[in-house]
Structures are given as C-alpha cells and as structure tokens.
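Colleague: Here is my input, please return the structure:
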Amino acid sequence: MAFASVRSSTLLGVQGKAVDVEIHVGMGLPGFTIVGQPDEACRESRDRVRAALLSCDLPWPNRRITVNLATSVHERKGGAGLDVAIAIGLLIVQDILPNEIAERYAFIAELGLDGTLRPVAGVVPLVAAIDDRIVVVANECEREARIAARDEVVCAQTLAHLVKCLTGEAEWIPAPTRTSIIVAPPIVDMKDVRGQSAARQALEIAAAGAHHLLFVGPPGAGKSMLAQRISGILPVLTDEEAVATTIVHSAAQVSLPQTGIITMPPFRAPHHSTSLVAMVGGGTSTMRPGEISLATNGVLFLDELGEFAPTVLDALRQPLEDGVVRLARAKSSITMPAKFLLIAATNPCPCGEGMPGVCVCDDSAKKRYLRRFSGPLLDRFDLRVAVSRPHVDELLADTPAESSAAIAKRVLHVREMAMLRSGCLNSCLSADMLDTYAPLTTAAAALLRHHLERGRLSGRGYHRIRRVARTIADLQNANNHSVDQVDEAHVATALALRVGVHPQLNGDKL
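Modeller: Numbering: from 1, shown residues only. Next comes the predicted model:
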C-alpha cells in the first residue's frame, strides 16, 4: 500500500501529545518532505531514517515520500522520538510489515545511523500520552517508560531486531529483574543545628502545613543550614505525587534515581543569577520546565534572595497562589505544575548585619536593597523569621538538639490529621474552610482585629496567619486529637513568626 499511519508522541512542556505519523509514497521525483509543523530535529529525521534502514539491509523507497505529523491540535512538533515511527511507516508502505502492526503498536525512539534505537528525553510523559497501544521504546528507556502506569511496554535493540520482533522471528528484550535499591540520603540532620529555637520551630511549622518561609538574618547565622535540613523532616511522596514529579523531571531531562521513580520531595536551590526563563520555564520550542516546576511536590530554596533579579522574584507570585505556571508563546500555550514549598533566606541589608551600631549601610542603600522585594511577594510568605547568630554557649553545648527523625514524625502526623479533617494541608485552606476547620476563639479574633485595624496585616496576611495558627495548634496537640478552635496563644505565635524584613525601615508592619 502507498499509505500508512503509525502512532507516536511528542513533548510539549511536561505533557506528551499523541501524534499520528502519516506516510505517503507516490509518484514523482524522489524526495522526502515532512509537514505538520515539525521542528529542526524532526526535519533531520530524513537522513537518520534513511541511514538506519540501509544499515539494517532494509529497503528505502526511491520515490516521492511525504510525512505528515497529525495531532488533534495545531502546534509545533519537536524531538527525534518520531524516527522509529517514520521508519516503520516506510516499511509498511513497502509491504515489508503488515498494516496491522500500526494498529497494535506505537513507537517512541530515536534512530542512530547504524540502526540502533536510542533513548529520548521525556519518555515518561511521552508513553503516558498513549493508552491504546503497546509502546516500543529503546532498551535504556524501559525502566522509565513503565513508570507511566503501563505494563504494555516492549524494547528492541536495533531497527533490524525490531522488525524481526514485529514479525515473530525474534523475542523482545526481556524486562530486567527488579531489585529494591535503597539510596542513602545525604546526612543532614536537624540535630546539627545549635540554638535557633524560633527558626527550628518555624521550619517545623513550614513542613507540617506547607507554609512558605523566609529567613532574615546576618551571614553565618545558619539560614542556609536550616533550610537544607527541611528535606529530612518532610514525608515521602504519595504514589500520585511521585509519578507527577517523575514526569516533570523526565520531561526536563533531569537524571532520575536508580529506582526509576522519585519518592522523596525534590529540593531545588537555583543560583541567584538564574534567569527568568530558567526559573519559570519555556525558552525553547518544547517549552522546557523551569526550576519552579522541577520543585513540584518539594522545596524551592532561594538563598541570597536579595541578589535575585526583581523580575524573577515577581514571576513567582502567580505560581505561589495557583500551584501552576501558565506560559503563553506565539505558537503555543501550556500549563505546567508548580506546587512547591518556597524557603528563602536573605540578609537584612547589603552589608548583612542590619543591626544599629554594627551595620555600615546608609538609609539609601538599605532602601535600594529592600526595593528588590516587592510587597506582594513578601506578603505571600506565611512565616518571616529573624535569625541571629547563635550564642557561644549554644555552639559549644554538648547536648545534641532534637533529630530530624523525631520532628518528621510530628510533621507526618499533622499532615495526616489535616488531610483527614479537611482533605488538604493547612496552607491550602480557603477563607470559607478556615471558618469551618480553624474557627477562632473570641480572644484570638480580637487579637487579629487589633492588628488589622492598625494596618499591620493585609487581607491575604490575615488568612495566612489563620492558616499558620491552625498548624501551630495541630503541632501542639500532635499527641492528642486535634483541637477544634484556634486560641489566642496560637495566633500570637503565628504573628511573632511574621516579622518585617527590616524593622528599622518597615516599622512593625507584618
């Protein structure tokens, strides 16, 4: 036959899109044309497919070849993962393979010039986009391909081997025996932190309720040390979260663990020179995920927050509220996940000291520095904690602090309590849900009203204080049943953990 349609998929952002690779071979001058908005890698398929067929002693039709990349929506198709589908389509139109092959199988792999099947980036979302066929991938991608909740995945080594497997003359490469691989995490324990009781408490609250946290303090106070230890007190990902996180990392071509699936919350710490595109994503025709998407279901740590470009910081505002980032370009518009816990650390001023009598910065330098933090961004931090250098006695104390394992048990218990109570973590409680699941006592309501009337809290800050107070109440009653109401002490603690970035300039505004 002169026509064949073979299923494959292409990647856009973190989502795979099924593609029907239509092949037509007809009369006319010999040539090879790809239509359907292919990118440069797709257009180069002609030379790779031709060399692979000839290297495997398979025929190349010396006629007019037209390849159409058909999808349900009109958008650019990218990547070299369509190579094998094109090669199989050419073999079908030459009657080397029966047409039934295209109805049973889909193909996702790049072809080497010698005919080998090579892995492609983002194989997890690419395989997830196909749900009605057996998917053929390169042998190196088999482990990742099965993560997409599929058992119908087969592997071949070369194009010649693939043809024999499809015709029944050879066996598929058997799936390797799965062994449990346990990778020991880095040894960073909360017991290494000396002093810093308020900062430790804030970190525990942030982990238990998924509240965004900002540390403000001089160099050497331990801000980065504290933030890096949050991974040790966060619970492991649920099955759904693990698959979603793995899909994002696979699409971004980030190496996966030996087990093939990410089970621990990711911890991303981009440098302060990171560009806007690198932070939010995009930048290429495939719309690569940015750091905020790679931190999905984990932690995004921004050290030296004041050194980031203001445009980069302000770009975080919408993802922090919605849990997704929406990117619109001339030829495509996509939505990528960006549900992360933001932990940031900053100095109070350019010299870092911030204290009267020690700070050498004048008022104009301080104001220029603080202008890098927009008010709406700071308002999205549930917790803003002042961190000072620990006392000498605390540094030299022999008694170790509480370990991450002990804190992690409380964090897990509070998270489970919140999910059973409201179906979400405390940071996700809406205004209506706060009245139902975090009602205030009369004294607590009066305290919040006092701060609102003095202009210390915005409307957003008011709700964030209530969410933090709900988490504080849960932590204080972690060994018992959850208390029904949030009292004045819980609200007062939440207010105390929401200081101004620079008290000398900001007054007492929260």
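Colleague: looking at this, residue 67 is in a strand?
Modeller: Yes: per DSSP: H, G, I helix; E, B strand; the rest coil, residue 67 lies within a strand segment.
Colleague: Let me know the distance separating it from residue 101.
Modeller: Going from residue 67 to residue 101 by Cβ to Cβ, to the nearest Å gives 17 Å. The way it works is simple: take the backbone N, C-alpha and C, and place the C-beta from them, glycine included.
Colleague: who are the neighbours in contact with the closest residue to residue 387 other than its chain neighbours?
Modeller: Computed as Cβ to Cβ, 6 or more residues apart in numbering, the closest residue to residue 387 that is not its neighbour in sequence is residue 217, at 3.3 Å. Applying Cβ atoms under 8 Å, 6 or more residues apart in numbering to residue 217 gives the contacts 223, 345, 347-348, 354, 386-389.
Colleague: What of residue 434?
Modeller: Residue 434 neighbours (Cβ under 8 Å, 6+ apart): 463, 466-467, 470.
Colleague: ok, which stretches of the stretch 101-250 of the chain are helices?
Modeller: 123-128, 142-145, 159-167, 197-209, 223-228, 239-251 (DSSP state H, counting those that start in this stretch).
Colleague: most tightly surrounded among those?
Modeller: helix 123-128 (a mean of 26; mean count of other Cβ atoms under 10 Å).
Colleague: Check which helices and strands it sits against.
Modeller: strand 3-12, strand 15-26, strand 105-108, strand 134-138, helix 142-145, helix 239-251 (3 or more Cβ pairs under 8 Å, 6 or more residues apart in numbering; DSSP states H and E).
Colleague: Now do the buried residues in stretch 268-284.
Modeller: Using 16 or more other Cβ atoms under 10 Å as the test for burial, stretch 268-284 gives 268, 270, 276, 278-282.
Colleague: Nearest to residue 120 among those?
Modeller: Sorting the buried residues of stretch 268-284 by how near they are to residue 120, with Cβ to Cβ, puts residue 281 at the top with 19.3 Å.
Colleague: What residues are bridge-paired with that closest one?
Modeller: Beta-bridge pairing of residue 281 under DSSP bridges involves residue 289.
Colleague: Go ahead and produce PDB holding the CA coordinates of stretch 450-466.
Modeller: In PDB, the C-alpha atoms belonging to stretch 450-466 read as follows (Å, rounded to 0.1, in the frame of the first residue of the first chain):
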ATOM      1  CA  HIS A 450      -6.400  44.700  66.500                       C
ATOM      2  CA  HIS A 451      -3.600  44.000  64.000                       C
ATOM      3  CA  LEU A 452      -5.900  44.600  61.100                       C
ATOM      4  CA  GLU A 453      -7.100  47.900  62.400                       C
ATOM      5  CA  ARG A 454      -3.500  49.100  62.900                       C
ATOM      6  CA  GLY A 455      -2.700  48.200  59.300                       C
ATOM      7  CA  ARG A 456      -0.200  45.500  60.200                       C
ATOM      8  CA  LEU A 457      -2.000  42.900  58.200                       C
ATOM      9  CA  SER A 458      -3.400  42.800  54.700                       C
ATOM     10  CA  GLY A 459      -6.400  40.700  53.800                       C
ATOM     11  CA  ARG A 460      -4.000  38.000  52.400                       C
ATOM     12  CA  GLY A 461      -1.900  38.200  55.500                       C
ATOM     13  CA  TYR A 462      -4.900  37.800  57.800                       C
ATOM     14  CA  HIS A 463      -5.800  34.500  56.100                       C
ATOM     15  CA  ARG A 464      -2.200  33.300  56.200                       C
ATOM     16  CA  ILE A 465      -1.900  34.000  59.900                       C
ATOM     17  CA  ARG A 466      -5.000  31.900  60.500                       C
END
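Colleague: Contacts made by that stretch with the rest, please.
Modeller: Contacts of stretch 450-466 (Cβ under 8 Å, 6+ apart): 211, 379-380, 382, 429, 431, 434, 438, 440, 448, 486, 491, 494-495, 498, 508-510.
Colleague: what's the average pLDDT for that stretch?
Modeller: Here stretch 450-466 scores 88 as its mean pLDDT.
Colleague: ok, and for that stretch, which residues are buried?
Modeller: Neighbour counts using 16+ other Cβ under 10 Å place 451, 456-457, 461-466 of stretch 450-466 among the buried residues.
Colleague: Please apply the same query to stretch 207-220.
Modeller: Within stretch 207-220, the residues that count as buried by 16+ other Cβ under 10 Å are 207-218.
Colleague: And residue 468, which helix or strand is it part of?
Modeller: Assigned by DSSP states H and E, residue 468 belongs to helix 459-476.
Colleague: Give me the angle between that helix and helix 197-209.
Modeller: When axes from the mean of the first three to the mean of the last three Cα atoms, to 10 degrees is applied, the directions of helix 459-476 and helix 197-209 differ by 90 degrees.
Colleague: coming back round to it: for the buried residues of stretch 268-284, which one is nearest residue 259?
Modeller: residue 268 (19.6 Å).
Colleague: Is it correct that residue 306 falls within a helix?
Modeller: Yes: using three-state DSSP, the assignment for residue 306 is a helix.
Colleague: ok, it touching residue 372?
Modeller: Yes: shown here, residue 306 and residue 372 form a contact pair, counting by Cβ atoms under 8 Å, at 5.3 Å.
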